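> need a 3D model of the following:
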Amino acid sequence: MSEADILRARADAAAAREKLLNSAQALQARLKPAALANDAWEKTRDASEAAASNAARAIGKRPVATTAAAIGVAALVARKPIARLIARLRGKDQSRSSRT
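Here you go, the predicted model:
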């Protein structure tokens, strides 16, 4: 091996070492908790925007079905307060009918 080959090999080794160190530093930066949290937040935000866009498109295509589904969900969520209200109203109606 000539002196030029040895110098070229040392230069190649130094370049490879530098590239490895740069890659390791970039990896460390990407693995910091703040960077991971930021990446997760961006992905969540993008997915939420896509879901909202798809929902708006679906609502535009079928407004009656969407309204019916929304009423059904609202009734399901509020079923206990609605039942109490109906019971209270029935109780008032029965007390009025028993007075007459």
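
> where in the chain is pLDDT low?
Scanning the chain for pLDDT under 70 picks out the ranges 93-100.

> what are the ranges of the helices in it?
Using DSSP state H, the helices found in the chain span residues 3-30, 33-61, 63-77, 79-99.

> phi and psi next, for R62.
Listed backbone geometry of R62 is phi -140, psi 70, with angles given as degrees, to the nearest 10.

> for it, grab the count of nearby residues.
Residues within reach of R62, counting by other C-beta atoms under 10 Å, total 11. The way it works is simple: take the backbone N, C-alpha and C, and place the C-beta from them, glycine included.

> ok, T66 next?
By other C-beta under 10 Å, neighbour count at T66 equals 14.

> for A15, same thing?
Based on other C-beta under 10 Å, the number of other residues close to A15 is 10.

> separation between it and P33?
32 Å (C-beta to C-beta, to the nearest Å).

> over to Q25?
Using C-beta to C-beta, Q25 is found at 17 Å from P33.

> for the two, indicate the residue with more neighbours.
Legend: neighbour count by other C-beta under 10 Å for Q25 and P33, higher for Q25 (10 against 7).

> tabulate the CA atom coordinates of stretch 40-48 in PDB.
This file holds the C-alpha atoms of stretch 40-48, laid out as PDB (Å, rounded to 0.1, in the frame of the first residue of the first chain):
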ATOM      1  CA  ALA A  40     -47.100  13.500  18.100                       C
ATOM      2  CA  TRP A  41     -49.000  16.800  18.400                       C
ATOM      3  CA  GLU A  42     -48.500  17.600  14.700                       C
ATOM      4  CA  LYS A  43     -49.700  14.100  13.700                       C
ATOM      5  CA  THR A  44     -52.700  14.400  16.000                       C
ATOM      6  CA  ARG A  45     -53.500  17.800  14.600                       C
ATOM      7  CA  ASP A  46     -53.200  16.600  11.000                       C
ATOM      8  CA  ALA A  47     -55.500  13.600  11.700                       C
ATOM      9  CA  SER A  48     -58.000  15.800  13.400                       C
END
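
> for S53, see how far away the most centrally placed residue in the chain is.
Central residue of the chain (C-alpha atoms, centre = their mean): T44, 3.6 Å from the mean position. Taking C-beta to C-beta as the criterion, T44 is separated from S53 by 15 Å.
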